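Q: Predicted model, plus sequence, below.
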Amino acid sequence: MTYVLIILGAALAAAAAALGLRLLRDRLRAQAERRASGIVSDAESRAQTRLKEAELEAEELRATAEGRFESQTRKKREELQRAEARLREQELNVARKLQLLGQKQQEIDERVAQLKEREERAAALEKEAQALVLERRQRLERIAGTSARDAHRELIREIEGEARQEAASLVAQEGLSRAVS
């Protein structure tokens, strides 16, 4: 019986040891699972933190890039507006110069027309004067056959007429010279 008790004691000791080992294993497994769960939780927390940091960095980069883009766009727009303003000013200057040239051309055309008209009048007056001179010569030739007193009167009239003609011619020439200058 002592052997049985020893065997039974050994079996009980073995069963108690097996149960103790199982409990120890379960406790170690629970600790390992808690640690693993803590590590996973910590890793997830760090990953979330890093993700938020990356999102913030990306947002900052996007905002910086957007700011640069807006600044460059604004500068380009301002440059275009200045160029358009210069172009409008140049167009106005060209339009003013064209208008001034048109006015000057019109004035020149008017002066040329006035000069032609005066030249034509002067030529007509000259023809008229030549015709009068010819007519006077013819009269003088007729008068030569009249009395001295009549001839003298006719001669005075002729001279007065010629003087008027010359005065008119001089006035016309004076008008031409003034128009040219």
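A: Received, thanks.
Q: can I get the CA coordinates of stretch 35-43 in PDB?
A: As requested, the backbone C-alpha atoms of stretch 35-43 are provided in PDB (Å, rounded to 0.1, in the frame of the first residue of the first chain):
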ATOM      1  CA  ARG A  35       1.300  42.700 -24.100                       C
ATOM      2  CA  ALA A  36       0.600  42.000 -27.800                       C
ATOM      3  CA  SER A  37      -2.700  43.900 -27.600                       C
ATOM      4  CA  GLY A  38      -0.800  46.800 -25.900                       C
ATOM      5  CA  ILE A  39       1.900  46.700 -28.600                       C
ATOM      6  CA  VAL A  40      -0.700  46.600 -31.400                       C
ATOM      7  CA  SER A  41      -2.700  49.400 -29.700                       C
ATOM      8  CA  ASP A  42       0.400  51.400 -29.200                       C
ATOM      9  CA  ALA A  43       1.400  50.800 -32.800                       C
END
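Q: Ala168: what's it in contact with?
A: Ala168 is in contact with Leu125, counting by C-beta atoms under 8 Å, 6 or more residues apart in numbering. Just so you know, the C-beta spots here come from the backbone N, C-alpha and C atoms, and that holds for glycine as well.
Q: distance of it from Leu28?
A: Note on Ala168: its distance to Leu28, by C-beta to C-beta, to the nearest Å, is 144 Å.
Q: host element of the residue most central in space within the chain?
A: With distances taken as C-alpha atoms, centre = their mean, the chain has Glu84 as the residue nearest its mean C-alpha position (1.4 Å). Assigning secondary structure by DSSP states H and E places Glu84 in helix 2-143.
Q: Let me know the angle separating the next helix or strand after that helix from helix 2-143.
A: Proceeding C-terminally, helix 2-143 gives way to helix 148-180 as the next helix or strand, assigned by DSSP H and E. Following axes from the mean of the first three to the mean of the last three C-alpha atoms, to 10 degrees, one obtains 170 degrees for the angle between helix 148-180 and helix 2-143.
Q: now the chain, which segments are flagged as low pLDDT?
A: The model of the chain has pLDDT under 70 over residues 1, 140-141, 143-148, 175-181.
Q: Mind doing that once more with 50?
A: Scanning the chain for pLDDT under 50 picks out nothing.
Q: what's the distance between Arg139 and Ala168?
A: Arg139 sits 20 Å away from Ala168, going by C-beta to C-beta.
Q: go on, Ser45?
A: The span separating Ser45 from Ala168 equals 120 Å under the rule C-beta to C-beta.
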